[in-house]
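**Student:** Sequence plus predicted model, see below.
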Amino acid sequence: MNITKQIIYDITIVGAGIVGSAVARNLLKRNPQLKLLIVDRENEIAKHQSSHNSGVIHRGIYYQPGSKRAKLCVKGSMDMYHYCQENGVYFEKCGKLITAVNRNELDQLEKLYQRGLANGVNDIELVDRDRLLSIEPSIVGGIKAIFSPNTGIVDFKQVTQSLVNDSVKMGAEVKLNFDATNFNYNSRDKILEVRCKETNESIHTKYMITCAGIYSDRVANASFGEKEPSVVPFRGSFLKFKPQYSHLIKGNVYPVPNANFPFLGVHFTKKTNGDIWIGPNAVLAFDRKGYKYSDVNLQDTKELLTNKGLRSLATRHWKYGMDQLMSDIFPSHYIKFLKPFIPDITTDMLEYGGSGVRAQAISQDGHLIEDFIYDTPLDKPIIHVRNCPSPAATSSLAIADEIVDMAYSHFNFH
Ligand SMILES: Cc1cc2nc3c(=O)[nH]c(=O)nc-3n(C[C@H](O)[C@H](O)[C@H](O)COP(=O)(O)OP(=O)(O)OC[C@H]3O[C@@H](n4cnc5c(N)ncnc54)[C@H](O)[C@@H]3O)c2cc1C
Ligand SMILES: *[C@@H]1O[C@H](CO)[C@@H](O)[C@H](O)[C@H]1NC(C)=O
Ligand SMILES: *[C@@H]1O[C@H](CO)[C@@H](O)[C@H](O)[C@H]1NC(C)=O
Ligand SMILES: *[C@@H]1O[C@H](CO)[C@@H](O)[C@H](O)[C@H]1NC(C)=O
């Protein structure tokens, strides 16, 4: 490769979702001298998960104590509020109820409450039915709940835009429509060449951090990392209340989650524009950009059908999968997740909301990997961010701090 004519970046971030953008911004905050490049394969930033999510700033109640997800959600939520406050990004601390609707869920609710406390979420309370109804009068099916007053909402796409703006102000360059597909390392000069196959454009960089969301396994595999764990796309579709019913929900109402799955269950969520979204379900998507159930990509499907881990998961949980799939196709089926909360709800009150595709890493023995994963291929100036499922948007600034620390210990920054 001819590296004399071209700019050599100190560091290149692959993926301008909220994680890559937070990493870029925190790197430059630490050292504004870095010559930093952000690339994304799409024609705008935050086109995938970071703009297709519930928009909830989680507090860190659900996650295994001691895990990265628990620590970085508790810290990240505070960082996120602080960041939005400082930078004029609109948010609301509208609160949240995790609501039991039958007696069988009470044990699990109590465990969840203890878990929240163990994670350092000290502002939560267990509330009885009267209190629950004073907070959310329409949730007449609720019998007891965890109330989290400092759970909030924000538009994470706007946060991502703001983070990219910060980086650009500190001198970063952004290159869109650049699908990083080929990677060559010149070990003599210690320069990495990153090429976009489609345009045959290439850039040169000393260090690279990949934050490629749904493609993180492919990007890692193509750039000196392991293929595993692989990523499985799970679509989540939302309904929303027709505007005349939006007043029925004041903040966030979540179910007691199914302990077998890392997803939080279908919930009611206020959006920053006042709409109330209901969702998301969790359906295997046969396309990594499959926002509709009819989207099928042959390559993605072939990978799914030959994924051993996924086969094992599907065999164990086919009933859950069918239920979720039915809800994706038939709103009348979706309603059955909602009636326990609002018995009078009908499909006439609802319209289609939108959907998102979760990038979820799966182990070869068929377990959905819950925690965030970042690793470094041996002897290469690269960090791969491999699994950043929910609540990674909430946690993005705290994740970025960890990755920046990792960069400082792994890379030879002076
Ligand atoms: C339905 C749904 C609801 C959710 N709800 C919440 C919530 O309420 N709260 C919360 O905290 N989290 C939530 N999440 C999770 C959250 O959205 C994600 O954890 C977060 O957005 C992950 O950000 P990311 O930057 O890793 O991924 P992404 O936003 O997907 O960004 C990855 C980027 O990499 C780019 N890219 C990929 N491959 C390449 C390549 N080869 N070259 C160049 N660019 C590439 C992509 O174009 C993309 O822009 C939800 C997710 C979904 C799907
Ligand atoms: C980011 O910068 C662009 C261009 O300067 C501006 O239009 C936009 O409002 C900014 N967005 C945020 C969220 O700061
Ligand atoms: C791509 O660009 C490189 C130089 O950067 C050149 O050597 C190569 O021939 C080009 N390939 C194609 C297919 O144009
Ligand atoms: C992994 O990378 C190798 C070579 O770099 C390539 O041949 C293979 O097709 C890739 N596998 C996947 C699943 O992307």
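**Tutor:** Done, it's in. Numbering: from 1, shown residues only. Ligands and ions are numbered 1, 2, ... in the order given.
**Student:** going forward, measure contacts and count neighbours with C-alpha atoms only.
**Tutor:** Noted.
**Student:** For the residue of the chain found nearest ligand 2, give its distance to ligand 4.
**Tutor:** Closest to ligand 2 within the chain is Ser162: 3.9 Å, counting by CA to the nearest ligand atom. From Ser162 across to ligand 4, the span is 33 Å (CA to the nearest ligand atom, to the nearest Å).
**Student:** do Ala398 as well
**Tutor:** For Ala398 relative to ligand 4 (CA to the nearest ligand atom), the value is 30 Å.
**Student:** and what of Ala145?
**Tutor:** Ala145 is 44 Å from ligand 4, by CA to the nearest ligand atom.
**Student:** Check His367 too.
**Tutor:** Separation of His367 from ligand 4 (CA to the nearest ligand atom): 19 Å.
**Student:** what's around that residue, how many residues?
**Tutor:** Residues near His367, counting by other CA atoms under 10 Å, number 15.
**Student:** can you list the residues of this protein near ligand 4?
**Tutor:** Contact residues, the chain versus ligand 4 (CA under 6 Å from any ligand atom): Arg218, Asn221, Ala222.
**Student:** Can you give me the domain assignment for the chain?
**Tutor:** Per automatic domain parsing, the domain ranges recorded for the chain read 8-49+157-229+371-411, 82-154+231-362.
**Student:** helix or strand right after the lowest-mean-pLDDT helix or strand in the chain?
**Tutor:** When each helix and strand of the chain is scored by mean pLDDT, DSSP states H and E, helix 318-329 comes last, with a mean of 65. Moving toward the C-terminus from helix 318-329, the next helix or strand (DSSP states H and E) is helix 331-338.
**Student:** before we move on, back to that, possible to save the residues of the chain next to ligand 4 as a markdown table with neighbour count and distance to Val296?
**Tutor:** Formatted as a markdown table, those follow (neighbours: other CA atoms under 10 Å; distance: CA to CA, whole Å):
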| residue | neighbour count | distance to Val296 |
| --- | --- | --- |
| Arg218 | 18 | 18 |
| Asn221 | 16 | 23 |
| Ala222 | 16 | 23 |
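**Student:** shaky segments in this protein?
**Tutor:** Scanning the chain for pLDDT under 70 picks out 1-5, 283-286, 290, 293-294, 298, 318-332, 414.
**Student:** please redo it, this time with the cut-off set to 90
**Tutor:** 1-6, 227, 232-239, 258-266, 279-337, 347, 350-357, 364-368, 378, 412-414 (pLDDT under 90).
**Student:** and it, which residues reach ligand 2?
**Tutor:** Gln158, Gln161, Ser162, Asn165.
**Student:** Looking at neighbours, which among those residues is most surrounded?
**Tutor:** In terms of neighbour count, Ser162 stands highest of the residues of the chain next to ligand 2 at 21 neighbours, by other CA under 10 Å.
**Student:** What's the end-to-end length of stretch 376-396?
**Tutor:** End-to-end distance for stretch 376-396, by CA to CA, to the nearest Å: 19 Å.
**Student:** one step back: looking at the residues of the chain next to ligand 2, which one is closest to ligand 4?
**Tutor:** Distance to ligand 4 across the residues of the chain next to ligand 2 (CA to the nearest ligand atom) is lowest for Gln161, with 30.0 Å.
**Student:** and the closest one, what does it touch?
**Tutor:** Neighbouring residues of Gln161 by CA atoms under 8 Å, 6 or more residues apart in numbering: Ile45, Ala46.
**Student:** what do you get if the cut-off is 7 Å, keeping everything else the same?
**Tutor:** Gln161 makes no contacts at all, as judged by CA atoms under 7 Å, 6 or more residues apart in numbering.
**Student:** What separation do you get for it and ligand 1?
**Tutor:** For Gln161, the distance to ligand 1 - CA to the nearest ligand atom - is 12 Å.
**Student:** Which element, helix or strand, includes that residue?
**Tutor:** Taking DSSP H and E as the definition, Gln161 sits inside helix 156-169.
**Student:** Report the next helix or strand after that helix in sequence order.
**Tutor:** Counting by DSSP H and E, the next helix or strand C-terminal to helix 156-169 is strand 173-175.
**Student:** packing partners for that next one?
**Tutor:** Strand 173-175 sits against strand 36-39, with contacts defined as 3 or more CA pairs under 7 Å, 6 or more residues apart in numbering; DSSP states H and E.
**Student:** Just confirm Leu264 contacts Val253, I think it does.
**Tutor:** No: with contact defined as CA atoms under 7 Å, Leu264 does not reach Val253; the gap is 11.1 Å.
**Student:** more neighbours, those two?
**Tutor:** It is Val253, of Leu264 and Val253, that has more neighbours when counted by other CA under 10 Å, with 23 against 19.
**Student:** Need the residues that contact the helix or strand harbouring that one.
**Tutor:** Using DSSP H and E, Val253 sits in strand 252-255. Contacts with strand 252-255, where a contact means CA under 7 Å, 6+ apart, come from Gly95, Lys96, Leu97, Ile98, Thr99, Ala100, Gly265, Val266, His267, Phe268, Thr269, Lys270.
**Student:** ok, the fourth one - how many residues close by?
**Tutor:** Neighbouring residues of Ile98 were enumerated by other CA under 10 Å; the total is 25.
**Student:** In contact with it, which residues?
**Tutor:** Ala145, Ile146, Phe147, Val253, Tyr254, Pro255, Val256.
**Student:** Dihedrals phi and psi, the first one?
**Tutor:** The phi and psi torsions at Ala145 (degrees, to the nearest 10) take the values phi -150, psi 160.
**Student:** re earlier: the strand holding Val253 pairs with which strands, and in what direction?
**Tutor:** When pairing is defined by DSSP bridges, strand 252-255 lines up against strand 96-100 (parallel), strand 267-270 (antiparallel).
**Student:** now those as a markdown table including distance to ligand 1?
**Tutor:** A markdown table is the format used below for the strands paired with strand 252-255 (distance: least, CA to the nearest ligand atom, whole Å):
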| stretch | distance to ligand 1 |
| --- | --- |
| strand 96-100 | 12 |
| strand 267-270 | 9 |
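**Student:** Let's have those strands in CSV, adding distance to Met78.
**Tutor:** Conversion of the strands paired with strand 252-255 to CSV gives the following (distance: least, CA to CA, whole Å):
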stretch, distance to Met78
strand 96-100, 16
strand 267-270, 20
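**Student:** now for the ones you listed, which one comes closest to Arg316?
**Tutor:** strand 267-270 (24.5 Å; CA to CA).
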